[in-house]
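*Asks:* need a 3D model of the following:
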Amino acid sequence: MPLNILLLSTYELGHQPLGLAQPAAHLAAAGHPVRCQDLAVDSLNEPWVRESDLIGISVPMHTAARLGVRLISRLRVLNLGAHLCFYGLYAALHAEELLAAGADATIGGEVETPLVALADELDSARGQSSPENARTVFLGRQSSLVPKRTMLPPLERYARLQINEEQRLAGYVEASRGCAHRCRHCPIPPVYGGRMRIVSEDVVLADIHQLVAMGARHITFGDPDFFNGIKYSLRIVERFHHEFPSLTYDATIKIEHILEHQTHLPGLASTGCLFIVSAAESVQDHVLAHLNKGHTAADVDRAIEITRCAGVALRPTLVAFTPWTSMDDYLELLDFVASRGLVNSVDPIQLAIRLLVPIGSWLMDEGLMSPFVTGFDHEGLTHRWIHPDPRVDHLQKLVIGIVERATEQDAAPLATFQQIRSAAWREAGRSPDVAPPLEPAAHVSVPRLTEPWFC
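*Replies:* Just a heads-up that it's a prediction; the model follows:
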């Protein structure tokens with residue numbers, strides 16, 4: 001009797017879970033029957049759980065890890081004997097917490113090879129003891145296989161591209177994993193240590209082909225940094241644009257890479273790139289230095305100008321609240337967004353993001369958080385920290401409340417921004433009436449995905 005495998009995803013930023021489709025392809029190629037279910041859009045299939053010998057839970061993000069932990073007890077009630085394995089970026093970071101919560105194994109890094117090895121071992125050890133190696137991080141090179149997307153819900157059930165009043169089905173691919181950079185707050189460096197792994201060019205193109213066949217008219221390149229391997233990335237862009245000239249796309253590119261490779265940006269625009277997501281994180285140099293971002297506030301300004309001249313929108317992501325961000329710093333951030341015409345380019349949730357400090361964070365290893373940390377939140381899977389100015393922590397709670405209500409009401413970014421700015425000025429003891437005026441660009445629509453949450 002074959003080993004029955006069930007792969008589960010709890011949350012992957014509103015896109016079809018590649019964290020299911022890629023491992024499923026490798027497991028199927030190794031001869032293992034596999035099922036996939038995305039719990040972000042479907043209810044748990046309890047009969048599938050009862051029939052499973054190995055249940056893999058994809059945790060590429062912090063939210064996915066938290067939801068996965070909550071799922072353990074239910075899975076155990078349904079199937080006490082199944083081998084539970086968490087895999088993905090946050091499985092490596094939170095291995096001890098996940099194992100303590102009831103998981104049998106964790107796999108991080110390039111997860112497909114060890115996941116297949118685990119399935120092989122369980123298949124060979126029928127009725128015997130479970131494998132001893134409960135915690136694995138594999139960073140070796142492995143073959144690339146075309147993801148098995150036929151096992152996933154259709155694209156219609158996921159985030160879409162919003163461009164003016166039009167919505168388009170969107171697909172999500174990755175041309176690389178890991179990252180060459182070492183930002184202190186990022187979860188990737190503690191796992192990959194500056195390494196990156198390339199997905200076969202032909203596999204990426206074949207994946208885009210099947211997404212187009214499923215109805216995709218826009219592609220998100222989810223690489224941590226699309227320009228880490230710029231020659232490779234540009235070659236992929238050229239190939240898929242040649243085959244699908246009407247297909248649009250977006251990519252994530254570091255601020256310093258926008259500056260370094262600015263001559264290539266017009267080429268991106270001409271091949272269908274609508275916007276670039278870039279981790280600006282802050283517009284205060286002292287905060288950027290603590291985060292080891294590799295750019296300055298002035299560089300963010302230059303990147304905005306470079307992308308606008310190239311005809312590509314820049315959508316910055318932010319860590320708006322850190323222990324080093326003062327009340328005045330936050331007001332300055334809001335003024336920056338307003339004065340640079342970025343109100344429609346910055347999803348409101350970005351103005352509420354509080355620095356996340358998971359296990360393994362280099363901010364902890366280097367002692368930068370020591371003055372602020374008050375303990376570890378086992379349920380939240382993060383170190384708790386307190387700002388030196390209580391007003392800032394209070395403001396963050398106000399802002400997240402404003403954003404949550406605005407999301408429920410589908411409010412326009414401009415209206416949400418104005419609410420946030422008024423609240424911030426009041427908390428700072430200043431009159432909102434004297435806030436700098438918004439630039440005309442604040443009223444111009446910017447292409448975006450309909451899933452605004454980033455963590």
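*Asks:* buried residues in stretch 169-186, which are they?
*Replies:* Buried residues in stretch 169-186, counted by 16 or more other Cβ atoms under 10 Å: 169-181, 183-186. Glycine gets a C-beta too; all of them are placed from N, C-alpha and C.
*Asks:* quick one, longest helix in this protein?
*Replies:* When the chain is parsed with DSSP state H, its longest helix is helix 390-409.
*Asks:* return the list of helices and strands in contact with that one.
*Replies:* Counting contacts by 3 or more Cβ pairs under 8 Å, 6 or more residues apart in numbering; DSSP states H and E, helix 390-409 is packed against helix 327-339, helix 413-427.
*Asks:* which among those helices is found nearest to Arg149?
*Replies:* Among the helices and strands packed on helix 390-409, the nearest to Arg149 by Cβ to Cβ is helix 413-427 (31.4 Å).
*Asks:* and for the next helix-or-strand element following the closest one, what's in contact with it?
*Replies:* Going down the chain from helix 413-427, the next helix or strand is strand 448-449, by DSSP states H and E. With Cβ atoms under 8 Å, 6 or more residues apart in numbering as the contact definition, strand 448-449 has outside contacts at Gly14, Ala159, Arg160, Leu161, Gln162, Ala170, Thr220, Asp250, Phe275, Arg315, Asp347.
*Asks:* so how far is strand 448-449 from its chain's centroid?
*Replies:* The chain centroid and the centroid of strand 448-449 are separated by 14 Å under Cα atoms, centre = their mean, to the nearest Å.
*Asks:* hang on, the earlier thing: ok, the contacts of strand 448-449 vs Gly88, which is closest?
*Replies:* For those, the nearest to Gly88 is Gly14 (16.7 Å; Cβ to Cβ).
*Asks:* got a pLDDT number for that closest one?
*Replies:* Per-residue confidence (pLDDT) for Gly14: 91.
*Asks:* that one: what's it in contact with?
*Replies:* Ala40, Tyr158, Ala159, Leu449, Thr450, Glu451, Trp453.
*Asks:* which residues touch the second one?
*Replies:* Remark: with contacts taken as Cβ under 8 Å, 6+ apart, Tyr158 is in contact with Gly14, His15, Gln16, Val41, Ala170, Glu451.
*Asks:* quick revisit: now the longest helix of the chain: how far from the chain's centre is it?
*Replies:* Worked out by Cα atoms, centre = their mean, helix 390-409 lies 21 Å from the chain centre.
*Asks:* now tell me what touches it from outside.
*Replies:* 320-321, 325-327, 330, 348-349, 351-352, 354, 386-387, 411, 415-416, 419-420, 423-424, 427-428, 452.
*Asks:* residues near Asp389, how many?
*Replies:* Asp389: 14 surrounding residues under other Cβ atoms under 10 Å.
*Asks:* Val137 too?
*Replies:* By other Cβ under 10 Å, 18 other residues sit near Val137.
*Asks:* pretty sure it contacts Ala105?
*Replies:* No: if you go by Cβ atoms under 8 Å, Val137 and Ala105 don't touch, sitting 11.9 Å apart.
*Asks:* now the buried members of the contacts of Gly14.
*Replies:* Counted by 16+ other Cβ under 10 Å, those give Ala40, Tyr158, Ala159, Leu449 as buried.
*Asks:* dump the residues you listed into JSON lines; add pLDDT and distance to Gly367 as well.
*Replies:* As requested, these are exported to JSON lines (pLDDT from 0 to 100; distance: Cβ to Cβ, whole Å):
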{"residue": "Ala40", "pLDDT": "95", "distance to Gly367": "37"}
{"residue": "Tyr158", "pLDDT": "96", "distance to Gly367": "41"}
{"residue": "Ala159", "pLDDT": "95", "distance to Gly367": "38"}
{"residue": "Leu449", "pLDDT": "94", "distance to Gly367": "37"}
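*Asks:* can you redo these as a markdown table with distance to Ser270 and secondary structure?
*Replies:* Formatted as a markdown table, these follow (distance: Cβ to Cβ, whole Å; DSSP: H, G, I helix; E, B strand; the rest coil):
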| residue | distance to Ser270 | secondary structure |
| --- | --- | --- |
| Ala40 | 35 | coil |
| Tyr158 | 28 | coil |
| Ala159 | 25 | coil |
| Leu449 | 22 | strand |
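*Asks:* make CSV out of those and add distance to Gln284.
*Replies:* Putting the buried ones among the contacts of Gly14 into CSV (distance: Cβ to Cβ, whole Å) gives the following:
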residue, distance to Gln284
Ala40, 35
Tyr158, 35
Ala159, 31
Leu449, 27
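*Asks:* out of the contacts of strand 448-449, list just those in strands.
*Replies:* Applying DSSP state E to these, the entries found in strands are Arg160, Leu161, Gln162, Ala170, Thr220, Asp250, Phe275, Arg315.
*Asks:* which ones are touching the third one?
*Replies:* Contacts were defined as Cβ under 8 Å, 6+ apart; by that measure Gln162 touches Pro447, Arg448, Leu449, Thr450.
*Asks:* show me which of these is closest to Gly360.
*Replies:* Of the contacts of Gln162, the one sitting nearest to Gly360 (Cβ to Cβ) turns out to be Leu449, at 28.6 Å.
*Asks:* how close does that closest one sit to Thr407?
*Replies:* 14 Å (Cβ to Cβ, to the nearest Å).
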